[in-house]
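Engineer: Could you work out the structure for the sequence below:
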Amino acid sequence: MASIYDFTATGIDGKEVALADYRGKVLLIVNTASKCGFTPQYEGLETLYKDLQDKGLVVLGFPCNQFGKQEPGDAEEIANFCKLTYDVNFPMFAKIDVNGEDAAPLYEFLKREARGLMGSKAIKWNFTKFLVDREGHVVRRFSPQTKPEHLRSAIEALL
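Structural biologist: Model (predicted):
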């Protein structure tokens, strides 16, 4: 698989989504959780999305329950939480694993293309972020501690 566009993912509504539908967009892909210390980053992610979507940014949220069981809800609970608590309008997807033998193929690709600290492949925690350019190439990985507002210049450079 050569680019992000070769993958599909299940939307939070249960429908399959071809990532090729986002061809030509800059993507910020994030593994999320509703009960994490980083959960308030939803607000910053939504701000980036609202501010930059007309220029070509799409934020994609992938709930994950692998870190401290911080995303225990089902798809409906996650969708409701995101909408009611943070007014999330960017696309959200079905809960996935990002590490281990059941890791989503998309995340295996992301981890291979942009390694973490000291070359680590594994995702360390919720709200790890991957920035993808308009051609579908993974440009950079950002740690959970990197706040969305600190990504603005890197995103704008690709828009």
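
Engineer: going forward, measure contacts between C-alpha atoms and count neighbours the same way
Structural biologist: Fine.

Engineer: Quick check: chain neighbours aside, which residue is closest to Glu46?
Structural biologist: Once its chain neighbours are removed from consideration, Glu46 has its nearest residue in Val88; the separation is 5.9 Å (C-alpha to C-alpha, 6 or more residues apart in numbering).

Engineer: chain center to stretch 57-69, what's the gap?
Structural biologist: Using C-alpha atoms, centre = their mean, to the nearest Å, we find the averaged C-alpha position of stretch 57-69 to lie 6 Å away from the chain's own average C-alpha position.

Engineer: Could you do stretch 77-87 as well?
Structural biologist: Using C-alpha atoms, centre = their mean, we find the averaged C-alpha position of stretch 77-87 to lie 16 Å away from the chain's own average C-alpha position.

Engineer: What are the buried residues along it?
Structural biologist: 78-79, 82, 86 (16 or more other C-alpha atoms under 10 Å).

Engineer: and if you look at stretch 23-42?
Structural biologist: Buried residues in stretch 23-42, counting neighbours by 16+ other C-alpha under 10 Å, are found at 25-36, 38-39, 41-42.

Engineer: From these, which land in strands?
Structural biologist: Within the buried residues of stretch 23-42, residues falling in strands by DSSP state E are 26-32.

Engineer: What about the residue nearest to Glu46, how many residues nearby?
Structural biologist: In terms of burial, Val88 registers 21 neighbours under the definition other C-alpha atoms under 10 Å.

Engineer: list the contacts for the most centrally placed residue in the chain?
Structural biologist: Within the chain, the residue whose C-alpha comes closest to the C-alpha centroid is Val30; the distance, by C-alpha atoms, centre = their mean, is 2.0 Å. Contacts of Val30 were listed using C-alpha atoms under 8 Å, 6 or more residues apart in numbering, and they are 59-62, 127-130.

Engineer: Which of the residues you listed has the largest number of neighbours?
Structural biologist: For those, the largest neighbour count, defined by other C-alpha under 10 Å, is 29 neighbours, found at Phe127.

Engineer: Mind checking what secondary structure the nearest residue to it once chain neighbours are set aside has?
Structural biologist: Residue nearest to Phe127 in three dimensions, not counting chain neighbours: Pro144, with 4.6 Å by C-alpha to C-alpha, 6+ apart. Three-state secondary structure (criterion: DSSP: H, G, I helix; E, B strand; the rest coil) places Pro144 in coil.
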